[in-house]
Each structure stands twice: as structure tokens, then as C-alpha cells.
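Enquirer: Give the three-dimensional model of this entry:
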Amino acid sequence: MWAAIRAGLDGLGLDAKPVSRCRQCTLKLPGPLSTQLSVLRSFLHELRPQLGSAGLAAATAAVDELTELGQLLVDWGFASEQILLEPLLTPPSEYFSGVLFQVLLRSSPTQSGTVYTSAVAAGGRYDGLLRSLWSPAAATIMPAPGAVGVSINCSSALPGG
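Expert: Next up is the predicted model:
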């Protein structure tokens, strides 16, 4: 994965330090949310000079929201090791804002030991979509509401899907 990211960064004229930080994030951040949140917070504090006070406050608020979401999922019965942080999950459109998620279904190992993973659901915050549809007249009365949406791929969740 890093080789593809590095290839995309080459030619942008970036200093070695930001590229190195990107590599560290790419390699060190993915994993169980319960253990990786402290790593993420550490990265953010190291980036304080680049982020500035306002940027650090916004990033910290986002991590706090992610922490709260992780706790809600545990409260709802998910094992903490099932909740993974994947920093390279990118929004499929500009309509997404905030937290994105995917629900992955893992198969039992086959006789050869292979484990298959299928995405059965994905979603996130759709605030940008609602803002784009909210009329200027309605915006004078009240701001566009926030929204969360999900799409479910039923065929991948069913046997033989």
C-alpha cells in the first residue's frame, strides 16, 4: 500500500518530513480503534505547528467524536477488537463530512486458510449533501440539518453472495 501512496506523492515537491509522517500514519494507524486512538492523538500533537491552534482543536474534536462512536459501538455489543481505525478510508464523494464507516463480513478460514472479506454496508455523515439541496430561502429560516446514511449490500451478506 505504501508504495502506491509514495508514487502518488513523488513529484509534488514535498519535503521529506511530511512524507515520512504520512508513511508513519499509513503504517502505524490502522488497527483496533481502542489502541489506535492514542497513537492518533500523539500524531496530532506532533503536528500542532502545522495545524495551528484552531486546526488542532478541530482535529481533537474529531478524534473525541470517534472515541465516543467507538464507545457506543462497544455499548451496543461489538467487541472492541472488531472496531478498526482505517485512516485511508476516503469519502466517495464531496457529500460526506465527518465520520465514514464500513461494515465488513469476514468468512471462516477455508481449508487452505484463506479468509474472505466482503463489504456489507458503508455510510457516514451526509451533511454536505443536505447543504447542497437546501434552498437559500430555507437557509434563512434554519440551517440545513445534519444527516447520517448507510447503504447495505444485502447480496454480499447472504450465503452465495
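Enquirer: got the buried residues for the longest helix along the chain?
Expert: What stands out as the longest helix in the chain, according to DSSP state H, is helix 48-75. By 16 or more other Cβ atoms under 10 Å, the buried positions in helix 48-75 come out as 51, 56, 59, 66, 70, 73. Just so you know, the C-beta spots here come from the backbone N, C-alpha and C atoms, and that holds for glycine as well.
Enquirer: how close does the nearest residue to the fourth one once chain neighbours are set aside get to Ala61?
Expert: Right, Leu66. Spatial nearest neighbour of Leu66, excluding adjacent residues (Cβ to Cβ, 6 or more residues apart in numbering): Val99 at 6.5 Å. According to Cβ to Cβ, to the nearest Å, Val99 and Ala61 sit 12 Å apart.
Enquirer: With Ser93 instead?
Expert: 23 Å.
Enquirer: now Pro18
Expert: 23 Å.
Enquirer: Next: Thr114.
Expert: Applying Cβ to Cβ to Thr114 and Ala61 gives a distance of 41 Å.
Enquirer: From one end of stretch 82-97 to the other, what's the distance?
Expert: This stretch, stretch 82-97, spans 23 Å end to end (Cα to Cα, to the nearest Å).
Enquirer: quick one: average pLDDT of that stretch?
Expert: The average pLDDT within stretch 82-97 is 75.
Enquirer: go on, stretch 16-27?
Expert: pLDDT averaged over stretch 16-27 gives 76.
Enquirer: in it, what counts as buried?
Expert: Within stretch 16-27, the residues that count as buried by 16+ other Cβ under 10 Å are 22, 25.
Enquirer: Check which helices and strands the lengthiest strand in the chain sits against.
Expert: Secondary structure of the chain per DSSP state E: the longest strand is strand 117-125. Packed against strand 117-125, as judged by 3 or more Cβ pairs under 8 Å, 6 or more residues apart in numbering; DSSP states H and E, are the following elements: strand 100-106, strand 148-152, helix 154-157.
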